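Enquirer: 3D model of this:
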Amino acid sequence: MRPSADNASVRNMARWFALLLAATLLWPVHGHAQANVTPPSPRGGPHICSEYPFDALEGDVAGATIVAFTIMKDGTVKDVSVERSSGSDSLDEAALVCAARWLYVPAQANGQSIEVPWRAQIVWAVHQGDPNPIAAQSCHRYRGSDAERAAAGKTALFGFWVDADGDVTPPYLVRSSGSPGFDAAAAECISGWDFVPADVNGHSIDALAGAEIGLLPDGNVSVADYPPKKHYCGPSWYGLAAKDFEGETALAFTIGADGKTSDVKVTRASGNAALDDAAMRCAASWTYRRPGAQGNSVQQSSVAGVPSTAVVAWKGGRAYVLER
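Expert: Okay, the predicted model is just below:
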């Protein structure tokens, strides 16, 4: 069992994560089980709804939506409907969009896959725990060349996942320091960190975090939190297509007056058509704070669409969303 973090001695990591996986937890609700039938199970681990509607976040709105659907023989989901409302149209709509993407290991009867009606409860709660370092994060003094020391003051930015066990996955280099040697040493340092994992309603989950690693003139190394993105593309978008693939999909889109994205297109392909398509579909689900709102209500008709860009980077079977 991992030790608990000392709240008096560790820094809070990735506070932005509360907006990204703001505690949507699935509780299974029994479907119509039949005798001698092996029930379906989520493919790739428990399902998580990664897009908490911003209007619900701003209003601190929580609730539980029960959705009903059919799990097909191939494990996909169809005919998703709201069986019991959370009391919020935004949360219910997000639940329908989320559930429609799920994949299951299909139910089995006599060794054959069958269709089954099913239900699930999506619990929306604004409060969750973020990943926290078990010890103060630090990196050893860097013993590079004189030329590298001359470049002191520059920093390397990294995104990385903290899994449900608190371990760090191989970091993704968001922006180089300009020194390949220092970048490699910084990535190795981050890989050795341990965390108390993020949690949703007491259940440990994978979480995206980030760090900015800087080289000081005396060779010492600075460490600071860095949020590499606001949005998230989970495995439900791309499945196994990202396995053993590295590349980047550059996207352009418009953020409308309602904060939703439209006209999503690929401006630079990754070389993997399936992942480019997944990146576009994922970005089409994103929601932003209304352009120009700055915490106050605005008339939707008074705000024109705002062009924006993002890059979805693929590495180690994961997606990293880098918003410019």
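
Enquirer: Going by C-alpha atoms from here, please, whenever you check contacts or count neighbours.
Expert: OK.

Enquirer: I figured residue 231 was touching residue 311, is that so?
Expert: No. Counting by CA atoms under 8 Å, residue 231 stays clear of residue 311, with 11.0 Å between them.

Enquirer: list residues touching both of those two?
Expert: Taking CA atoms under 8 Å, 6 or more residues apart in numbering as the criterion, residue 231 and residue 311 both touch residue 321.

Enquirer: Tell me which of those two has more neighbours.
Expert: Under the criterion of other CA atoms under 10 Å, the comparison of residue 231 against residue 311 puts residue 231 first, with 25 against 22.

Enquirer: any idea how far residue 286 is from the more buried one?
Expert: 7 Å (CA to CA, to the nearest Å).

Enquirer: which residues are in contact with both of the two?
Expert: With contacts defined as CA under 8 Å, 6+ apart, the residues adjacent to both residue 231 and residue 286 are residue 51.

Enquirer: show me where the stretch 151-300 of the chain has helices.
Expert: Secondary structure of the stretch 151-300 of the chain (DSSP state H, counting those that start in this stretch): helices at 180-191, 235-238, 273-283.

Enquirer: Pipe those into JSON lines and attach mean pLDDT, distance to residue 74 and mean neighbour count per row.
Expert: Below are the helices of the stretch 151-300 of the chain laid out as JSON lines (pLDDT from 0 to 100; distance: least, CA to CA, whole Å; neighbours: other CA atoms under 10 Å):
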{"stretch": "helix 180-191", "mean pLDDT": "91", "distance to residue 74": "37", "mean neighbour count": "19"}
{"stretch": "helix 235-238", "mean pLDDT": "73", "distance to residue 74": "15", "mean neighbour count": "20"}
{"stretch": "helix 273-283", "mean pLDDT": "91", "distance to residue 74": "19", "mean neighbour count": "20"}
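
Enquirer: Export those to CSV and append columns for distance to residue 220.
Expert: Listed next are those as CSV, based on distance: least, CA to CA, whole Å:
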stretch, distance to residue 220
helix 180-191, 11
helix 235-238, 38
helix 273-283, 38
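
Enquirer: what's the closest of those helices to residue 124?
Expert: With CA to CA as the measure, helix 235-238 is the member of the helices of the stretch 151-300 of the chain nearest residue 124 (18.7 Å).

Enquirer: Quick check: which element contains residue 48?
Expert: Per DSSP states H and E: residue 48 is located in neither a helix nor a strand.

Enquirer: ok, how many other residues are close to it?
Expert: The local packing of residue 48 (other CA under 10 Å) involves 20 other residues.

Enquirer: re earlier: between the helices of the stretch 151-300 of the chain, which one is nearest to residue 55?
Expert: helix 273-283 (18.2 Å).

Enquirer: List of residues touching that closest one?
Expert: For helix 273-283, the external contacting residues (CA under 8 Å, 6+ apart) are 233, 237-238, 241-242, 249, 251, 261, 264-266, 269-270, 312.

Enquirer: Adding distance to residue 81, write these out as JSON lines.
Expert: JSON lines is the format used below for the contacts of helix 273-283 (distance: CA to CA, whole Å):
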{"residue": "233", "distance to residue 81": "23"}
{"residue": "237", "distance to residue 81": "20"}
{"residue": "238", "distance to residue 81": "24"}
{"residue": "241", "distance to residue 81": "28"}
{"residue": "242", "distance to residue 81": "30"}
{"residue": "249", "distance to residue 81": "33"}
{"residue": "251", "distance to residue 81": "31"}
{"residue": "261", "distance to residue 81": "24"}
{"residue": "264", "distance to residue 81": "27"}
{"residue": "265", "distance to residue 81": "29"}
{"residue": "266", "distance to residue 81": "31"}
{"residue": "269", "distance to residue 81": "35"}
{"residue": "270", "distance to residue 81": "35"}
{"residue": "312", "distance to residue 81": "30"}
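
Enquirer: ok, now which ones touch residue 139?
Expert: Taking CA under 8 Å, 6+ apart, we find residue 139 in contact with 186, 189, 190, 221, 222, 223.

Enquirer: coming back round to it: the contacts of helix 273-283 in strands, which ones?
Expert: Those of the contacts of helix 273-283 mapping onto strands are 249, 251, 261, 264, 265, 266, 312, per DSSP state E.

Enquirer: which non-adjacent residue is nearest the third one?
Expert: For residue 261, the nearest residue in space outside its immediate sequence neighbours is residue 255; the separation is 4.6 Å by CA to CA, 6 or more residues apart in numbering.

Enquirer: partner residues bridging that neighbour?
Expert: residue 261, residue 306 (DSSP bridges).

Enquirer: Please look at it and residue 305 and confirm they touch.
Expert: Yes. With contacts counted by CA under 8 Å, residue 255 reaches residue 305, the gap being 5.4 Å.

Enquirer: Looking at these two, which is more packed in?
Expert: A side-by-side neighbour count of residue 255 and residue 305, using other CA under 10 Å, places residue 255 first with 24 against 18.

Enquirer: give me every residue that touches the more buried one.
Expert: Residue 255 is in contact with 261, 262, 288, 291, 305, 306, 307, 308, counting by CA under 8 Å, 6+ apart.

Enquirer: farthest-separated two in the residues you listed?
Expert: 262 and 291 (14.0 Å).
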